[in-house]
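Q: Build me a model from this:
(one chain, ligands or ions: 1)
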Amino acid sequence: MNVSRTGQKTGEASDDLGAIFRRLIRNTGPISLTQYMGESNARYYASRDPLGLAGDFVTAPEISQMFGELIGLWLADIWISSGRPENVHYVELGPGRGTLAKDALRAMKRYGLQPAVHFVEGSSALREVQQKAVPDVRWHNDLSTLPPDDPLLFVGNEFLDALPIRQMAKTPNGWREREIALQDDAFIFAAGGRPMDAAVPEEWRGAEDGTILETSPAQAAVMYELAGRLSDQGGAALLFDYGHAALHAGSTLQAVKDHRKVDPLAMPGSADLTALVEFGTLARIAQSRDVRWIGTAEQGAWLRRLGIDARTQSLAKAAPHHADDLRAARDRLVEPGQMGALFKVMGLSGLHWDGGAGFD
Ligand code: SAH
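A: From the prediction side, this is the model:
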(Lines give C-alpha, C1' and ligand atoms only; values in the text may rest on other atoms or scores of the structure.)
Protein backbone atom coordinates (compact mmCIF):
# COMPACT_ATOMS: atom_id res chain seq x y z
CA MET A 1 0.00 0.00 0.00
CA ASN A 2 1.31 3.35 -1.07
CA VAL A 3 1.03 5.91 1.70
CA SER A 4 2.35 9.41 1.29
CA ARG A 5 1.92 12.73 2.99
CA THR A 6 1.17 15.82 1.01
CA GLY A 7 0.18 19.42 1.47
CA GLN A 8 3.11 20.36 3.67
CA LYS A 9 4.08 23.39 1.61
CA THR A 10 1.73 26.32 1.14
CA GLY A 11 1.17 28.74 -1.72
CA GLU A 12 1.65 26.29 -4.62
CA ALA A 13 -1.01 25.39 -7.13
CA SER A 14 -0.42 21.74 -6.28
CA ASP A 15 -1.52 22.33 -2.71
CA ASP A 16 -4.77 23.72 -3.98
CA LEU A 17 -5.40 20.55 -5.95
CA GLY A 18 -4.41 18.39 -2.97
CA ALA A 19 -6.83 20.40 -0.84
CA ILE A 20 -9.58 20.05 -3.45
CA PHE A 21 -9.09 16.27 -3.61
CA ARG A 22 -9.07 16.00 0.19
CA ARG A 23 -12.29 17.96 0.50
CA LEU A 24 -13.90 15.91 -2.25
CA ILE A 25 -12.90 12.60 -0.68
CA ARG A 26 -14.05 13.69 2.80
CA ASN A 27 -17.40 14.80 1.42
CA THR A 28 -18.22 12.10 -1.11
CA GLY A 29 -15.79 9.22 -0.57
CA PRO A 30 -12.79 7.90 -2.51
CA ILE A 31 -12.16 9.11 -6.08
CA SER A 32 -11.13 6.97 -9.03
CA LEU A 33 -7.52 6.87 -10.17
CA THR A 34 -8.84 8.11 -13.53
CA GLN A 35 -10.14 11.28 -11.93
CA TYR A 36 -7.02 11.73 -9.81
CA MET A 37 -4.68 11.36 -12.80
CA GLY A 38 -6.80 13.41 -15.21
CA GLU A 39 -7.12 16.38 -12.85
CA SER A 40 -3.49 16.17 -11.73
CA ASN A 41 -2.08 16.23 -15.26
CA ALA A 42 -4.46 18.94 -16.44
CA ARG A 43 -3.19 21.08 -13.57
CA TYR A 44 0.42 20.04 -14.11
CA TYR A 45 0.58 20.88 -17.83
CA ALA A 46 -1.58 24.03 -17.63
CA SER A 47 0.89 25.83 -15.43
CA ARG A 48 4.34 25.06 -16.86
CA ASP A 49 6.68 23.93 -19.62
CA PRO A 50 7.96 20.70 -18.04
CA LEU A 51 10.33 19.71 -20.86
CA GLY A 52 14.10 19.84 -21.06
CA LEU A 53 16.94 19.88 -18.57
CA ALA A 54 15.49 22.84 -16.68
CA GLY A 55 12.12 21.07 -16.44
CA ASP A 56 11.08 17.66 -15.19
CA PHE A 57 11.83 15.28 -18.11
CA VAL A 58 13.46 15.09 -21.55
CA THR A 59 11.69 13.65 -24.61
CA ALA A 60 13.00 12.28 -27.93
CA PRO A 61 12.46 15.45 -30.02
CA GLU A 62 14.34 17.45 -27.37
CA ILE A 63 17.27 15.01 -27.56
CA SER A 64 17.93 15.41 -31.28
CA GLN A 65 16.53 17.09 -34.39
CA MET A 66 16.98 13.72 -36.13
CA PHE A 67 13.87 12.35 -34.41
CA GLY A 68 11.49 14.91 -35.93
CA GLU A 69 13.31 14.90 -39.26
CA LEU A 70 12.92 11.14 -39.71
CA ILE A 71 9.23 11.40 -38.82
CA GLY A 72 8.90 14.13 -41.48
CA LEU A 73 10.69 11.86 -43.94
CA TRP A 74 8.31 8.97 -43.17
CA LEU A 75 5.27 11.22 -43.65
CA ALA A 76 6.61 12.65 -46.94
CA ASP A 77 7.37 9.13 -48.17
CA ILE A 78 3.90 7.75 -47.44
CA TRP A 79 2.32 10.88 -48.92
CA ILE A 80 4.33 10.54 -52.15
CA SER A 81 3.71 6.81 -52.49
CA SER A 82 -0.01 7.43 -51.89
CA GLY A 83 -0.12 9.75 -54.92
CA ARG A 84 0.52 13.17 -53.29
CA PRO A 85 -3.08 13.86 -52.18
CA GLU A 86 -3.92 17.57 -51.95
CA ASN A 87 -4.91 19.61 -48.89
CA VAL A 88 -3.33 17.37 -46.28
CA HIS A 89 -3.13 18.53 -42.66
CA TYR A 90 -0.40 17.80 -40.13
CA VAL A 91 -1.97 17.10 -36.73
CA GLU A 92 0.21 16.70 -33.67
CA LEU A 93 -1.20 15.45 -30.39
CA GLY A 94 0.41 17.00 -27.30
CA PRO A 95 3.25 18.76 -29.16
CA GLY A 96 5.14 19.93 -26.06
CA ARG A 97 7.53 22.68 -27.15
CA GLY A 98 6.73 22.28 -30.86
CA THR A 99 10.22 20.95 -31.58
CA LEU A 100 9.12 17.72 -33.28
CA ALA A 101 6.69 19.61 -35.53
CA LYS A 102 9.32 22.17 -36.50
CA ASP A 103 11.86 19.48 -37.44
CA ALA A 104 9.29 17.30 -39.25
CA LEU A 105 7.83 20.22 -41.22
CA ARG A 106 11.32 21.27 -42.36
CA ALA A 107 12.01 17.73 -43.61
CA MET A 108 8.61 17.43 -45.34
CA LYS A 109 9.11 20.73 -47.14
CA ARG A 110 12.20 19.33 -48.88
CA TYR A 111 9.90 16.79 -50.54
CA GLY A 112 7.25 19.32 -51.51
CA LEU A 113 4.89 18.50 -48.63
CA GLN A 114 3.65 21.66 -46.86
CA PRO A 115 0.54 20.72 -44.87
CA ALA A 116 -1.59 23.05 -42.77
CA VAL A 117 -0.61 22.58 -39.10
CA HIS A 118 -2.93 21.69 -36.22
CA PHE A 119 -1.97 21.09 -32.60
CA VAL A 120 -4.19 19.26 -30.12
CA GLU A 121 -2.97 20.85 -26.91
CA GLY A 122 -4.69 21.44 -23.60
CA SER A 123 -2.08 23.66 -21.96
CA SER A 124 -2.11 27.41 -22.53
CA ALA A 125 1.45 27.67 -21.14
CA LEU A 126 2.67 25.20 -23.78
CA ARG A 127 0.61 26.83 -26.56
CA GLU A 128 2.69 29.97 -25.99
CA VAL A 129 5.94 28.03 -26.37
CA GLN A 130 4.59 26.21 -29.46
CA GLN A 131 3.62 29.48 -31.15
CA LYS A 132 7.29 30.51 -31.16
CA ALA A 133 8.43 27.24 -32.76
CA VAL A 134 5.63 27.00 -35.34
CA PRO A 135 3.98 30.42 -35.81
CA ASP A 136 1.29 29.36 -38.28
CA VAL A 137 -0.74 26.82 -36.34
CA ARG A 138 -4.34 26.18 -35.35
CA TRP A 139 -4.98 24.73 -31.88
CA HIS A 140 -7.65 22.29 -30.77
CA ASN A 141 -8.68 21.03 -27.34
CA ASP A 142 -9.43 17.59 -28.75
CA LEU A 143 -9.85 15.83 -32.10
CA SER A 144 -13.51 16.79 -32.62
CA THR A 145 -12.78 20.18 -34.22
CA LEU A 146 -10.19 18.96 -36.77
CA PRO A 147 -11.03 19.57 -40.46
CA PRO A 148 -13.77 17.11 -41.45
CA ASP A 149 -12.89 16.24 -45.06
CA ASP A 150 -9.20 16.34 -45.94
CA PRO A 151 -6.49 13.71 -45.24
CA LEU A 152 -4.80 14.00 -41.84
CA LEU A 153 -1.21 13.15 -40.92
CA PHE A 154 -1.22 12.45 -37.17
CA VAL A 155 1.88 12.44 -34.98
CA GLY A 156 2.07 11.97 -31.22
CA ASN A 157 5.08 11.49 -28.96
CA GLU A 158 4.51 10.77 -25.28
CA PHE A 159 0.94 12.00 -25.56
CA LEU A 160 -1.01 8.82 -24.81
CA ASP A 161 1.03 8.06 -21.68
CA ALA A 162 -0.18 11.29 -20.09
CA LEU A 163 -3.87 10.38 -20.46
CA PRO A 164 -5.61 8.99 -17.37
CA ILE A 165 -5.70 5.26 -16.67
CA ARG A 166 -7.98 3.00 -14.69
CA GLN A 167 -6.63 0.22 -12.47
CA MET A 168 -8.30 -2.95 -11.22
CA ALA A 169 -6.86 -4.95 -8.34
CA LYS A 170 -7.58 -8.55 -7.35
CA THR A 171 -8.56 -8.67 -3.68
CA PRO A 172 -9.73 -11.56 -1.48
CA ASN A 173 -13.25 -10.35 -2.37
CA GLY A 174 -12.65 -10.43 -6.13
CA TRP A 175 -11.66 -7.72 -8.58
CA ARG A 176 -12.14 -4.12 -7.45
CA GLU A 177 -11.43 -0.70 -8.94
CA ARG A 178 -8.34 0.92 -7.40
CA GLU A 179 -9.38 4.20 -5.84
CA ILE A 180 -7.72 7.05 -4.01
CA ALA A 181 -8.76 7.44 -0.38
CA LEU A 182 -7.48 9.37 2.62
CA GLN A 183 -5.65 8.16 5.69
CA ASP A 184 -5.45 11.18 7.96
CA ASP A 185 -4.25 13.78 5.45
CA ALA A 186 -2.36 11.40 3.16
CA PHE A 187 -3.65 9.95 -0.10
CA ILE A 188 -3.62 6.15 -0.21
CA PHE A 189 -4.78 3.50 -2.66
CA ALA A 190 -7.92 1.65 -1.57
CA ALA A 191 -10.16 -1.02 -3.09
CA GLY A 192 -13.50 0.23 -4.40
CA GLY A 193 -16.76 -1.05 -2.94
CA ARG A 194 -18.24 -2.66 -6.05
CA PRO A 195 -17.34 -6.03 -7.60
CA MET A 196 -15.60 -5.49 -10.95
CA ASP A 197 -14.91 -9.08 -12.01
CA ALA A 198 -17.04 -8.62 -15.12
CA ALA A 199 -14.79 -5.77 -16.26
CA VAL A 200 -11.71 -8.00 -16.29
CA PRO A 201 -10.83 -10.26 -19.28
CA GLU A 202 -11.83 -13.84 -18.58
CA GLU A 203 -8.28 -15.23 -18.55
CA TRP A 204 -7.34 -12.83 -15.75
CA ARG A 205 -10.31 -13.44 -13.43
CA GLY A 206 -8.59 -16.13 -11.38
CA ALA A 207 -5.30 -14.23 -10.96
CA GLU A 208 -3.73 -14.22 -7.52
CA ASP A 209 -4.61 -11.55 -4.96
CA GLY A 210 -2.68 -8.35 -5.41
CA THR A 211 -2.63 -8.59 -9.23
CA ILE A 212 -3.22 -5.21 -10.88
CA LEU A 213 -4.50 -4.60 -14.40
CA GLU A 214 -4.53 -1.23 -16.16
CA THR A 215 -6.72 0.11 -18.93
CA SER A 216 -7.12 3.58 -20.32
CA PRO A 217 -10.58 4.55 -21.53
CA ALA A 218 -9.13 7.96 -22.47
CA GLN A 219 -6.46 6.43 -24.72
CA ALA A 220 -9.06 4.12 -26.23
CA ALA A 221 -11.33 7.09 -27.00
CA VAL A 222 -8.53 9.00 -28.76
CA MET A 223 -7.61 5.93 -30.79
CA TYR A 224 -11.22 5.31 -31.80
CA GLU A 225 -11.63 8.90 -33.00
CA LEU A 226 -8.24 9.05 -34.74
CA ALA A 227 -8.77 5.77 -36.60
CA GLY A 228 -12.26 6.86 -37.62
CA ARG A 229 -10.78 10.02 -39.12
CA LEU A 230 -8.20 8.02 -41.09
CA SER A 231 -10.89 5.69 -42.30
CA ASP A 232 -13.18 8.54 -43.47
CA GLN A 233 -10.63 11.12 -44.61
CA GLY A 234 -7.45 9.18 -45.40
CA GLY A 235 -4.00 9.92 -44.08
CA ALA A 236 -1.62 8.23 -41.68
CA ALA A 237 -0.54 8.23 -38.04
CA LEU A 238 2.65 7.62 -36.08
CA LEU A 239 2.26 7.25 -32.31
CA PHE A 240 5.37 6.95 -30.16
CA ASP A 241 5.31 6.03 -26.50
CA TYR A 242 6.82 3.76 -23.93
CA GLY A 243 4.77 0.70 -23.53
CA HIS A 244 4.03 -2.97 -24.01
CA ALA A 245 2.86 -4.86 -27.07
CA ALA A 246 0.16 -6.72 -25.06
CA LEU A 247 -1.71 -6.62 -21.73
CA HIS A 248 0.62 -7.07 -18.74
CA ALA A 249 -0.13 -7.36 -15.05
CA GLY A 250 1.19 -4.71 -12.66
CA SER A 251 0.91 -1.01 -12.02
CA THR A 252 2.99 1.15 -14.36
CA LEU A 253 1.77 4.42 -12.91
CA GLN A 254 4.71 6.69 -12.24
CA ALA A 255 5.35 10.29 -11.32
CA VAL A 256 8.40 12.28 -12.36
CA LYS A 257 9.64 15.59 -11.01
CA ASP A 258 13.08 17.17 -11.58
CA HIS A 259 14.15 14.09 -13.61
CA ARG A 260 13.47 11.80 -10.65
CA LYS A 261 10.72 9.34 -9.86
CA VAL A 262 8.51 10.45 -6.99
CA ASP A 263 5.49 8.94 -5.22
CA PRO A 264 2.48 9.35 -7.60
CA LEU A 265 0.25 10.29 -4.65
CA ALA A 266 2.63 12.78 -3.03
CA MET A 267 2.04 15.98 -5.00
CA PRO A 268 -0.95 15.95 -7.36
CA GLY A 269 -0.55 18.66 -10.01
CA SER A 270 3.19 19.17 -9.38
CA ALA A 271 4.64 15.99 -10.89
CA ASP A 272 4.08 14.42 -14.33
CA LEU A 273 1.92 11.31 -14.05
CA THR A 274 2.27 8.68 -16.77
CA ALA A 275 1.58 5.02 -17.40
CA LEU A 276 2.92 2.63 -20.02
CA VAL A 277 0.80 2.39 -23.15
CA GLU A 278 -0.61 -1.01 -24.12
CA PHE A 279 -0.31 -1.02 -27.91
CA GLY A 280 -2.11 -4.34 -28.49
CA THR A 281 -5.46 -2.98 -27.34
CA LEU A 282 -4.95 0.27 -29.24
CA ALA A 283 -4.19 -1.64 -32.46
CA ARG A 284 -7.40 -3.67 -32.05
CA ILE A 285 -9.45 -0.51 -31.51
CA ALA A 286 -7.90 1.08 -34.60
CA GLN A 287 -8.57 -2.02 -36.69
CA SER A 288 -12.22 -2.01 -35.66
CA ARG A 289 -12.57 1.15 -37.78
CA ASP A 290 -11.35 0.08 -41.22
CA VAL A 291 -7.83 1.43 -41.18
CA ARG A 292 -4.54 -0.29 -41.92
CA TRP A 293 -2.51 -1.14 -38.85
CA ILE A 294 0.94 -0.93 -40.43
CA GLY A 295 2.60 -2.34 -37.35
CA THR A 296 4.07 -1.63 -33.93
CA ALA A 297 7.88 -1.50 -33.88
CA GLU A 298 10.53 -0.75 -31.31
CA GLN A 299 11.60 2.86 -31.64
CA GLY A 300 15.30 1.97 -32.06
CA ALA A 301 14.69 -0.51 -34.88
CA TRP A 302 12.29 1.87 -36.62
CA LEU A 303 14.72 4.80 -36.48
CA ARG A 304 17.50 2.61 -37.85
CA ARG A 305 15.35 1.44 -40.74
CA LEU A 306 14.56 5.09 -41.48
CA GLY A 307 18.29 5.84 -41.67
CA ILE A 308 19.28 7.42 -38.35
CA ASP A 309 22.81 6.01 -38.59
CA ALA A 310 23.52 7.61 -41.96
CA ARG A 311 21.91 10.84 -40.79
CA THR A 312 24.10 10.88 -37.66
CA GLN A 313 27.19 10.42 -39.80
CA SER A 314 26.33 13.15 -42.27
CA LEU A 315 25.51 15.65 -39.50
CA ALA A 316 28.74 14.70 -37.71
CA LYS A 317 30.71 15.23 -40.90
CA ALA A 318 29.17 18.67 -41.40
CA ALA A 319 29.87 19.67 -37.76
CA PRO A 320 32.84 17.60 -36.49
CA HIS A 321 33.00 19.41 -33.13
CA HIS A 322 29.44 18.09 -32.43
CA ALA A 323 30.20 14.52 -33.53
CA ASP A 324 30.34 13.08 -30.00
CA ASP A 325 27.09 14.78 -28.99
CA LEU A 326 25.37 13.53 -32.14
CA ARG A 327 26.47 9.96 -31.53
CA ALA A 328 25.38 10.17 -27.88
CA ALA A 329 21.95 11.46 -28.96
CA ARG A 330 21.64 8.69 -31.54
CA ASP A 331 22.50 6.09 -28.88
CA ARG A 332 19.98 7.51 -26.46
CA LEU A 333 17.18 7.25 -29.02
CA VAL A 334 18.17 3.89 -30.48
CA GLU A 335 20.03 1.64 -28.03
CA PRO A 336 17.89 -1.03 -26.32
CA GLY A 337 19.24 -0.16 -22.87
CA GLN A 338 18.17 3.46 -23.37
CA MET A 339 14.99 4.49 -25.26
CA GLY A 340 15.31 2.10 -28.20
CA ALA A 341 13.35 -0.92 -26.94
CA LEU A 342 10.95 0.29 -24.25
CA PHE A 343 9.66 2.97 -26.62
CA LYS A 344 7.47 1.73 -29.45
CA VAL A 345 5.96 3.33 -32.52
CA MET A 346 2.61 2.31 -33.96
CA GLY A 347 1.84 3.16 -37.57
CA LEU A 348 -1.64 3.43 -39.12
CA SER A 349 -2.88 4.55 -42.51
CA GLY A 350 -6.13 4.94 -44.41
CA LEU A 351 -7.07 1.97 -46.58
CA HIS A 352 -6.50 4.02 -49.75
CA TRP A 353 -3.09 5.09 -48.51
CA ASP A 354 0.19 3.26 -48.81
CA GLY A 355 1.67 1.02 -46.09
CA GLY A 356 4.58 3.21 -44.97
CA ALA A 357 8.24 2.37 -44.31
CA GLY A 358 10.17 1.00 -41.35
CA PHE A 359 7.71 -1.52 -39.87
CA ASP A 360 8.86 -4.71 -41.68
N1 SAH B 1 5.22 15.53 -27.56
C2 SAH B 1 6.02 16.38 -26.73
C3 SAH B 1 5.45 16.60 -25.32
C4 SAH B 1 5.14 15.38 -24.50
S5 SAH B 1 4.44 15.83 -22.91
C6 SAH B 1 7.44 15.88 -26.68
O7 SAH B 1 7.67 14.76 -27.09
O8 SAH B 1 8.31 16.60 -26.23
C9 SAH B 1 2.70 15.60 -23.14
C10 SAH B 1 2.03 16.63 -24.03
O11 SAH B 1 0.64 16.30 -24.11
C12 SAH B 1 2.08 18.08 -23.55
O13 SAH B 1 2.12 18.93 -24.67
C14 SAH B 1 0.75 18.21 -22.80
O15 SAH B 1 0.34 19.53 -22.60
C16 SAH B 1 -0.15 17.43 -23.70
N17 SAH B 1 -1.36 16.87 -23.06
C18 SAH B 1 -1.37 16.05 -21.97
N19 SAH B 1 -2.64 15.68 -21.68
C20 SAH B 1 -3.42 16.28 -22.62
C21 SAH B 1 -4.84 16.27 -22.85
N22 SAH B 1 -5.68 15.59 -22.08
N23 SAH B 1 -5.30 16.99 -23.90
C24 SAH B 1 -4.45 17.68 -24.71
N25 SAH B 1 -3.12 17.71 -24.52
C26 SAH B 1 -2.60 17.03 -23.49
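Q: Skip the chain neighbours and tell me the closest residue to A237.
A: Among residues not flanking A237 along the chain, F154 sits closest, at 3.7 Å (CB to CB, 6 or more residues apart in numbering). C-beta: built from backbone N, CA, C; applies to glycine.
Q: cool, F159 as well?
A: Distances taken as CB to CB, 6+ apart place G94 nearest to F159, at 3.4 Å, with adjacent residues excluded.
Q: who touches the one you found in this structure?
A: Taking CB atoms under 8 Å, 6 or more residues apart in numbering as the contact definition, G94 lies against 120-121, 156-159, 162.
Q: Would you agree V262 is in contact with P268?
A: No - using CB atoms under 8 Å, V262 is not in contact with P268; the gap is 11.2 Å.
Q: quick revisit: after whichever strand or helix holds the residue nearest to A237 comes which helix or strand?
A: In this assignment (DSSP states H and E), F154 forms part of strand 152-157. Note on strand 152-157: by DSSP H and E, the next helix or strand toward the C-terminus is strand 166-171.
Q: just the angle between the helix or strand that comes right after that following strand and strand 166-171, please?
A: Note on strand 166-171: by DSSP H and E, the next helix or strand toward the C-terminus is strand 174-183. For strand 174-183 and strand 166-171, the angle between their directions (axes from the mean of the first three to the mean of the last three CA atoms, to 10 degrees) works out to 110 degrees.
Q: per-residue confidence at Q65?
A: What the model reports for Q65 is a pLDDT of 97.
Q: Give me the neighbour count for it.
A: Neighbour count of Q65, defined by other CB atoms under 10 Å: 20.
Q: Kindly report the same for H140.
A: H140 has 15 neighbours, counted by other CB under 10 Å.
Q: Next up, the contacts around it.
A: Contact partners of H140, counting by CB under 8 Å, 6+ apart, are 118-121, 146.
Q: Tell me the spacing between it and H89.
A: 11 Å (CB to CB, to the nearest Å).
Q: Can you work out which residues contact both of these two?
A: What both H140 and H89 touch, as defined by CB under 8 Å, 6+ apart, is the set 118, 146.
Q: beta partners for the residue of the stretch 251-360 of the chain found nearest the ligand?
A: The ligand sits closest to D272 of the stretch 251-360 of the chain, with a gap of 7.5 Å, by CB to the nearest ligand atom. Partner residues in beta bridges with D272: V256, with DSSP bridges as the criterion.
Q: The strand or helix carrying M223 near the ligand at all?
A: Using DSSP H and E, M223 sits within helix 217-233. No - Helix 217-233 stays out of contact with the ligand when judged by CB under 6 Å from any ligand atom, the minimum separation being 7.2 Å.
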